[in-house]
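Engineer: When you get a sec, could you give me coordinates for this:
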Amino acid sequence: MWDEFRKEPFTLQAMIFVTINDYPALFSLSGQFKRKVGCVECLDETSHVYLAASNKLVYMRHRRFLPRGHKYRLKRMDKYFDNRDEAKYVAPSGRSAGKRVFQIVSKVTFVFGKKTKDGKKRKDVKASEGDTFNKMSMFFKYLPYWKDLDIRYAIDGMHVQKNVFTSLIGILLDVKGKTKEGLNSHLDLVNLGIKKEFRPIPQPNGKYLLSAASYNLNPEEKHEICVWLKTLKEFTVETLSQLEMCFPSSFFDIMVHLVVHLVGQIEALDPMYLHEMWTYEHFMSILNGYVSNHAHPEGSMIEAYTTEEAIEFGGPLCNKCLKDQIAIGLPLSRHEDRLYGKGQMGWKPFIPLDYNTVLEAHHNILHQLSIMEPLIEQHMNELHEQNNGHIEDLVMKEHKLMFTTWLQDKNILDEKTMEEQTIKKLASGPSCQITTW
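Structural biologist: Next up is the predicted model:
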């Protein structure tokens, strides 16, 4: 590139300091095992519990992320959680630091291909006890500074918020196919030996009666939840601990657990919108629209994208060089001749839905003009005479409602001075029709 200050060319270099992926792609990129060590921040200190009845792995015990001495970490609170003494446990810190991870992955031997050395299929290879990674990330090999970064993989807030919200609303509103509360979740509580009041009660017909919980809502309460969701904020660690006291264990999948790490990543990587998947998901939807040949989708994307770039960037240049010619197949720019008051979109009149807002703005403008002070004073005196004995607030309210109409009824004559002409035009009030270009 060209340095205008130094008047010399220079090589512009880019730096990858964090990646943004959905969670499955993150495991493929980082080389980390899923399931038992499935937290990108906790790594080998990921606290997991296997639920036999639900046949799933969940991630609970969020009290350790609270400060020591917090009321939820006291021993008397253990019965409301999982009967585990959390006072002696601390939250994992620095487990995902680049230098520590680099020391671990440097010892990992990975054989590329569909099968490993012992003939097993790659997808059947699972983590052994104590293993955290199955391969070294390519970034450690090609980026020498990668091991110096504390956070290399951003948690995608978009998917976390969406999945946690779906789980939460599914269990609160008892959405079919989305709720994680049922017979299996109650049997898991029996296996864990916690929340005995929620144990399923066998019935003579062989079925089970499930006890009602605090999150089982009636229709009125479900409606209130929908109203409350309008002001819903991000969950905190304390909120997750409260959820552990009432929700079944099957609720706490990896997405729920990742909420506790979002604040730390926001502090390190700045606002959430800078490291979310929204931008990339939107761009991928655009690329998917370019696919016309499903046998070769990449070729369709490249052809359509380069064609669009040629039209967008080459079109204005051609029009500039050939001013008197008409471009075939290229639409006129909507900004063409805009500085000359022409435009290409044409004019479009419309009436604003809330015309009272326009009237209120007009009233405020009238009261800011010194030339209107005599008329304002005259109208106020008339109102005081008509509403003798009424409080001042009532008179001011009447003045605000009737002043514009009162001006129009006065039939102010056209005068020669600029001030008198201004009063005449303002007295007619604002137009109810707005024209846009």
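
Engineer: neighbouring contacts of stretch 382-393?
Structural biologist: Contact with stretch 382-393 is made by Leu394, Val395, Glu398, His399, Met402, as judged by C-beta atoms under 8 Å, 6 or more residues apart in numbering. Any C-beta I mention is one placed from the backbone N, CA and C, and that applies to glycine too.

Engineer: could those residues go into TSV alongside distance to Asn293 and neighbour count?
Structural biologist: Output for these, formatted as TSV (distance: C-beta to C-beta, whole Å; neighbours: other C-beta atoms under 10 Å):
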residue	distance to Asn293	neighbour count
Leu394	74	11
Val395	75	15
Glu398	71	16
His399	70	18
Met402	69	14
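
Engineer: Just the closest of the residues you listed to Leu353, please.
Structural biologist: Met402 (23.6 Å; C-beta to C-beta).

Engineer: who's in contact with that closest one?
Structural biologist: By C-beta under 8 Å, 6+ apart, the residues touching Met402 are His379, Leu383.

Engineer: Please read off the pLDDT at it from the model.
Structural biologist: Reading off the confidence values, Met402 has pLDDT 82.

Engineer: Then Trp146?
Structural biologist: pLDDT, Trp146: 90.

Engineer: rewinding a little: give me the subset of the contacts of stretch 382-393 that lies in helices.
Structural biologist: If you go by DSSP state H, the contacts of stretch 382-393 have Leu394, Val395, Glu398, His399, Met402 in helices.

Engineer: Let me know the closest of the residues you listed to Ile351.
Structural biologist: Using C-beta to C-beta, Met402 comes nearest to Ile351 of the ones in helices among the contacts of stretch 382-393, at 22.9 Å.

Engineer: what about the stretch 51-200 of the chain, any weak spots by pLDDT?
Structural biologist: 95, 111-130 (pLDDT under 70).

Engineer: helix or strand for the residue nearest the centre of the chain, which one?
Structural biologist: Geometric centre of the chain, nearest residue: Met158, 5.2 Å, by C-alpha atoms, centre = their mean. For Met158, the host element (DSSP states H and E) is helix 157-172.

Engineer: who does that helix touch, helix- and strand-wise?
Structural biologist: helix 219-228, helix 254-269 (3 or more C-beta pairs under 8 Å, 6 or more residues apart in numbering; DSSP states H and E).

Engineer: contact partners of the longest one?
Structural biologist: The set of residues external to helix 254-269 that reach it, using C-beta under 8 Å, 6+ apart, is 18, 23, 38-41, 59-60, 62, 65, 150-151, 154-155, 157, 159-160, 163-164, 167, 234-235, 237, 240, 243, 272, 275.

Engineer: do that again at 6 Å, thanks
Structural biologist: Contact partners of helix 254-269, identified using C-beta atoms under 6 Å, 6 or more residues apart in numbering, comprise 38, 41, 59, 62, 65, 151, 154-155, 160, 163-164, 235, 237, 272, 275.
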